[in-house]
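Participant: Here is a sequence together with a model predicted from it:
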Amino acid sequence: MNEWEWQLLEDKTAVEWLAVGDAEVRVGDRVRLRPRQGGDVLDIALARQIAIIESLEQDYEGKVHVCVVLEHDPGRDLGMLRQPGHRFFFDAEEIEALPPEEAHLKPQTQPARILVAGIGNIFLGDDGFGVEVVRRLSAGGVPAGVRVVDFGIRGFDLAYALQDGYETTILVDAYPHGEKPGAISLIEPDPSSLDESRQTFVDTHAMNPLNVLRMAASMNGKLKNLLLVGCEPATLGGEEGQMGLSEPVEAAVDAAVTMIRGAVERILQEKP
């Protein structure tokens, strides 16, 4: 029996709101995730992310659980067909209510012209550069018409997102190319030259951006303007992996955020 069938059969008391600290949260509200310490690797990846409450579920013992989807998850609109990896459950003490002016923000109605895609594996040292950059970029807010997503190592999700007709896609990733660790580069790959012989992107984690672009092109997706904001890594974690960025790469994150904001501003000032 799948989740949808189970919910149809289950007789549960509807929960309209939940007290979180001094605030009340409801379905549709935006919250910040604060998983309890000592959780698993998924808790580490979800910590501090902004999510939207999809439902408030009460179990048979009367405890209320908060079901959320990540705000920038490309799969959040799949409804009942959503795969399990796109829905997460938290206790009330594991979420933080946002200020009222932020909690009820409506999804932007203006189609996004720009996709900023963070790429990388947070368990491989500086390979988590792109993930940290988009996290800080999102925390500071972005203009209408810009979509910022942490894709991590989810190559298929990125390939499908590239079918949405963005005018510009900005990939943010670790980019080893012989520079000093922490060096930031802005590169303009040519979408028409995605041949197998040219390995211009980092191939150190489960999602190779070049292969994702090839996949997107093979799905009849029209890749328009591409930019890569890359950072020279100091370490990619070795065989045992490593959590956290090295000092020079950590110091480069804010510079990358500034570079992306400048590029976004220039693009948005151009005529659609």
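Facilitator: The structure has been received and is ready for your questions. As the structure is a computational prediction, the values presented were derived from the model and not from experiment. Numbers count the residues shown, from 1 in each chain.
Participant: Show me the domain layout of this protein.
Facilitator: Following the assignment in automatic domain parsing, the chain carries domains at 10-103, 114-269.
Participant: Any idea how far apart the tips of the longest one sit?
Facilitator: Right, the one you point to is domain 114-269. Using CA to CA, to the nearest Å, the end-to-end distance of domain 114-269 comes out at 12 Å.
Participant: and what of stretch 169-188?
Facilitator: Where stretch 169-188 starts and where it finishes are 10 Å apart, if you go by CA to CA.
Participant: got any ranges where the stretch 151-272 of the chain has weak pLDDT?
Facilitator: 191-210, 217-222, 271-272 (pLDDT under 70).
Participant: Strands along that one, start to end?
Facilitator: If DSSP state E, counting those that start in this stretch is used as the criterion, the strands of the stretch 151-272 of the chain fall at 168-174, 184-187, 225-231.
Participant: now the ones you listed in JSON lines, with distance to Arg34?
Facilitator: The C-beta positions use only the backbone N, C-alpha and C, and glycine is treated the same way. Below are the strands of the stretch 151-272 of the chain laid out as JSON lines (distance: least, CB to CB, whole Å):
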{"stretch": "strand 168-174", "distance to Arg34": "25"}
{"stretch": "strand 184-187", "distance to Arg34": "31"}
{"stretch": "strand 225-231", "distance to Arg34": "28"}
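Participant: residue contacts, Ser55?
Facilitator: Each residue near Ser55 by CB atoms under 8 Å, 6 or more residues apart in numbering is listed here: 27, 67.
Participant: Quick check: beta-bridge partners of it?
Facilitator: Going by DSSP bridges, Ser55 is paired in beta bridges with Cys67.
Participant: Now do it against His72, distance only.
Facilitator: Here the criterion is CB to CB, to the nearest Å. By it, Ser55 lies 19 Å from His72.
Participant: what about the helices in the stretch 101-250 of the chain?
Facilitator: 129-139, 155-161, 209-218, 247-269 (DSSP state H, counting those that start in this stretch).
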